[in-house]
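Colleague: Model the following, please.
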Amino acid sequence: MIRGLFIGRFSPFHLGHLQTIKTIFKEIDELIIVIGSAQQSHTMTDPFTAGERVLMIHESLKNEKISLEKIFCIPVYDIFRNPAWVSHVRSFTPPFSIVFTNNSVIKRLFAEAGYHVKSPKLVKRSFYKGSNIRQLMIEGANWEDLVPSSVQKVIADIDGLKRLQEINRTTD
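Modeller: Sure, this is the predicted structure:
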């Protein structure tokens with residue numbers, strides 16, 4: 001049984017993330033999804049709480065008929081000490097043998113710790129990028145086509161669009 005690790009902030013979870021997870025599942029049996037910067041919320045880069053991000057991921061995978069029995073969704077807060085970060089992540093997760101990331105620092109840290117690290121192909125990265133989606137939300141432009149319908153619902157239920165727009169006004 002092969003268990004992989006996929007790390008992101010998922011703020012918000014978008015169609016690029018969903019496609020990456022589907023691709024990763026061609027190589028593994030179970031997936032640990034680590035929600036990084038879990039202590040952050042109500043900021044421009046992380047407007048959603050860790051719980052809201054878990055819900056976005058959970059509902060999206062459920063709607064796609066991806067077995068939730070094969071998924072571990074684990075929020076992990078930042079420690080701001082790169083040499084200790086891999087141990088920190090391992091303390092929150094079940095054992096895993098492969099790490100999927102395109103972040104160069106995360107690649108290096110896990111490779112130095114002896115893990116097999118792979119860079120999944122990113123789908124339409126210029127569109128499916130959290131910062132792009134958040135900017136579209138702030139501008140009142142079409143962002144809905146870039147996220148699963150279940151994420152749209154979570155954002156509507158928490159009044160996330162208004163939250164992000166208010167955060168933007170207070171940071172100007």
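
Colleague: Report how many residues lie close to the residue nearest to residue 33 when sequence neighbours are not counted.
Modeller: In space, residue 33 comes closest to residue 73 once its chain neighbours are excluded; the distance is 4.8 Å by C-beta to C-beta, 6 or more residues apart in numbering. For the C-beta atoms, the positions are set from N, CA and C on the backbone; glycine is no exception. Residues within reach of residue 73, counting by other C-beta atoms under 10 Å, total 19.

Colleague: Next: residue 147.
Modeller: Per other C-beta under 10 Å, the neighbour tally for residue 147 reads 24.

Colleague: can you pull the pLDDT of it?
Modeller: Looking at residue 147, its pLDDT is 97.

Colleague: now it: how far from residue 68?
Modeller: Noted for residue 147: a distance of 19 Å to residue 68, by C-beta to C-beta, to the nearest Å.

Colleague: Could you pull up phi and psi at the residue nearest to residue 33?
Modeller: The phi/psi pair for residue 73 (degrees, to the nearest 10) reads phi -110, psi 110.

Colleague: State the distance from it to residue 117.
Modeller: Between residue 73 and residue 117 the computed distance is 21 Å (C-beta to C-beta).

Colleague: I'd like the distance between residue 121 and residue 57.
Modeller: Residue 121 is 20 Å from residue 57, where distance means C-beta to C-beta.

Colleague: what's the helix or strand for residue 72?
Modeller: Secondary structure from DSSP states H and E places residue 72 in strand 71-75.

Colleague: Identify the neighbouring strands of that strand in the sheet and state each direction.
Modeller: Strand 71-75 pairs in its sheet with strand 30-35 (parallel), by DSSP bridges.

Colleague: chain center to the strand it pairs with, what's the gap?
Modeller: 9 Å (C-alpha atoms, centre = their mean, to the nearest Å).

Colleague: Just after that strand, pick out the following helix or strand.
Modeller: Remark: after strand 30-35, the chain's next helix or strand is helix 50-63, criterion DSSP H and E.

Colleague: So which bits of that following helix are buried?
Modeller: Residues of helix 50-63 classed as buried: 50, 52-61 (neighbour count, 16 or more other C-beta atoms under 10 Å).

Colleague: try stretch 139-158
Modeller: Result for stretch 139-158 [16+ other C-beta under 10 Å]: buried residues 143, 146-148, 150-152, 154-155, 158.
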